[in-house]
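>>> 3D, please:
(one chain, ligands or ions: 1)
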Amino acid sequence: MNKLFGLIGNPVGHSLSPLMHNDAFKMLQLPYYYHAFAVEQERLKDAVAGMKALGISGFNVTIPYKVDVMNYLDKIDEEAKIIGAVNTVVLEDGHYVGYNTDGQGFYESLLELVGPTITEKKVLMIGAGGAARAIYTTLVRRGINVVDIANRSNERANELVLHCQNNNETTIYSLKEAVQHTGEYDIIINTTSVGMSPATAEMPLSLENAKEQTVVADIIYNPLKTKWLQEAEQKGAIPLNGVPMFINQGALAFEKWTYIKPDRERMKNVVLEQLGGNDYVNR
Ligand code: ATR
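Sure, this is the predicted structure:
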C-alpha cells in the first residue's frame, strides 16, 4: 500500500530528512514517500487536521512547532510528555500519537562512543532550551546520575530541572562559573545553537580547563566541525558532532512508522554526502 509521510515546520527548505527517508524507502523497495511541508503558525491546527483527513501515515515536527503541535494530537507518549516536545507523530488506529526521538537519538550516539559505562559518567550539559530538555530527560531516565547544567539564564535551567522531576541532584552553573568546573566532567554537551552556521566563529563555553579524553559533543552538524569541536580536539578531547544524533532520531522515527530498522550507516553516508562528504563522525 502506498503511504505518505512528512515533515512540518518553518522553514523546512534545508531539511535533510526528505533525502534521508526517501532514500531508505527506496532501498527497502517500500512504496512510500516523505515530503517537507512549510506551515505558517496560524495554520498549524489546520495542517495537522488536514494531514489526518488525507490519511498521512506519520510525520516529523521541527522548529518552531515541537511544543505547539502537542495541542493537536490525540495522544502523547509518556517520555515526550515529560520532555514537553514532540518530533515524531505516528498514525495508530486512526489516531495521531506524538513521540520524541531526539533525546534517544542523542543518547544512542553517546552510548555508541562511550559504551555501557555511560551511567557512571559525569555529564555537563550547556543550554536549557527545547533540545536540552529532550537530552536532559533522556540521559537522566537512562540512568546517568550526574547531569549538571550550564546556561546563560539561571531561571530557564531551574525550570528545566523542575519540569523533568527526577531524583538527581543537578548543579546549575552560569556559563562563567562552568568554565572553572569543566575538568570535573567526562562528557560535555552543547545543546545551544552557538557556533552554528553562519555564526561559526562563536563558542558556547571555553574548554581551557577540560581534561584530556573528555567526550565533547555538539548537537550542531552545520558546520560538521564547529570551532568548539576543533578546540576540543586540540585539547585531546574526543569530539562528537550532531550527525549521529540527526541520523538516529530519523532512524527511530522510521522504525515507528514502518516497523523496519533502516540501514543507519547508509543514512549517514547520504546525509554526509549532502553536507560535504566529510567523514568526521566515523571515528
Ligand atoms: P532549542 O529549542 O533549539 O533548544 P531554544 O529553546 O531557543 O532552542 O534554546 C536555546 C538555548 O541556547 C537556551 O539555553 C539559550 O540560553 P537562554 O536559556 O539563556 O536563553 C541558549 N543560547 C542561545 N543563544 C545563546 C548565546 N548567544 N549565548 C549563550 N546561550 C545561548
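>>> Can you name the residue of this structure nearest to the ligand?
residue 129 (1.9 Å; C-beta to the nearest ligand atom). Every residue, glycine included, has its C-beta placed from N, CA and C.
>>> What pLDDT does the model give that residue?
Listed pLDDT for residue 129 reads 92.
>>> I figured it hits residue 191, correct?
Yes. Using C-beta atoms under 8 Å, residue 129 makes contact with residue 191 at a distance of 6.9 Å.
>>> Off-centre distance for the lowest-mean-pLDDT helix or strand in the chain?
Ranking every helix and strand in the chain by mean pLDDT, DSSP states H and E puts helix 154-164 at the bottom, with a mean of 93. Put simply, helix 154-164 sits 19 Å off its chain's centre (C-alpha atoms, centre = their mean, to the nearest Å).
>>> picking up where we left off before, more neighbours: residue 129 and residue 191, which one.
Ranked by neighbour count (other C-beta atoms under 10 Å), residue 129 and residue 191 place residue 191 first, with 26 against 14.
>>> The more buried one is in contact with residue 219, isn't it?
Yes. Judged on C-beta under 8 Å, residue 191 makes contact with residue 219 at a distance of 5.5 Å.
>>> any common contacting residues for those two?
131, 135 (C-beta atoms under 8 Å, 6 or more residues apart in numbering).
>>> sorry, back to before: go through the least confident helix or strand of the chain and flag the buried ones.
For helix 154-164, burial by neighbour count (16 or more other C-beta atoms under 10 Å) applies to 157, 160, 161, 164.
>>> excluding its backbone neighbours, what's nearest the third one?
Meaning residue 161. residue 170 (4.9 Å; C-beta to C-beta, 6 or more residues apart in numbering).
>>> For residue 211, which three-state class applies?
coil (DSSP: H, G, I helix; E, B strand; the rest coil).
>>> who's in contact with residue 116?
Per C-beta under 8 Å, 6+ apart, neighbours of residue 116: none.
>>> who in the stretch 151-283 of the chain is up against the ligand?
Within reach of the ligand by C-beta under 6 Å from any ligand atom, the stretch 151-283 of the chain has these residues: 151, 152, 153, 156, 191, 192, 193, 194.
>>> who touches the residue lying closest to residue 260 once chain neighbours are set aside in this structure?
Nearest residue to residue 260, sequence neighbours excluded (C-beta to C-beta, 6+ apart): residue 28, at 6.2 Å. Contact analysis of residue 28 by C-beta under 8 Å, 6+ apart lists 258, 260, 262.
>>> Give me the pLDDT value at residue 28.
pLDDT at residue 28 comes out at 98.
>>> who's residue 189 bridged to?
Beta-bridge partners for residue 189, by DSSP bridges, are residue 125, residue 217.
>>> hmm, back to that, for the buried residues of helix 154-164, which one is nearest residue 94?
residue 164 (31.7 Å; C-beta to C-beta).
>>> so who does residue 153 touch?
So residue 153 contacts residue 128 (C-beta under 8 Å, 6+ apart).
>>> Tell me the spacing between it and residue 218.
Plainly put, residue 153 is 20 Å away from residue 218 if you go by C-beta to C-beta, to the nearest Å.
>>> show me what contacts the residue nearest the centre of the chain?
The residue lying closest to the centre of the chain (C-alpha atoms, centre = their mean) is residue 102, at 3.6 Å. By C-beta under 8 Å, 6+ apart, residue 102 lies in contact with 83, 85, 87, 131, 134, 135, 245, 249.
>>> helices or strands next to the lengthiest helix in the chain in the packing?
Taking DSSP state H as the criterion, the chain has its longest helix at helix 243-258. Contacts defined by 3 or more C-beta pairs under 8 Å, 6 or more residues apart in numbering; DSSP states H and E place helix 243-258 against helix 17-27, strand 58-61, strand 88-92, helix 102-114, helix 264-275.
>>> Residue 117 - how many residues pack around it?
8.
>>> Quick check, residue 72 in contact with residue 44.
Yes. Counting by C-beta under 8 Å, residue 72 touches residue 44, with 6.9 Å between them.
>>> follow-up on the earlier one: just name the most buried of the helices and strands packed on helix 243-258.
Neighbour counts (mean count of other C-beta atoms under 10 Å) averaged over each of the helices and strands packed on helix 243-258 peak at strand 58-61, with a mean of 26.
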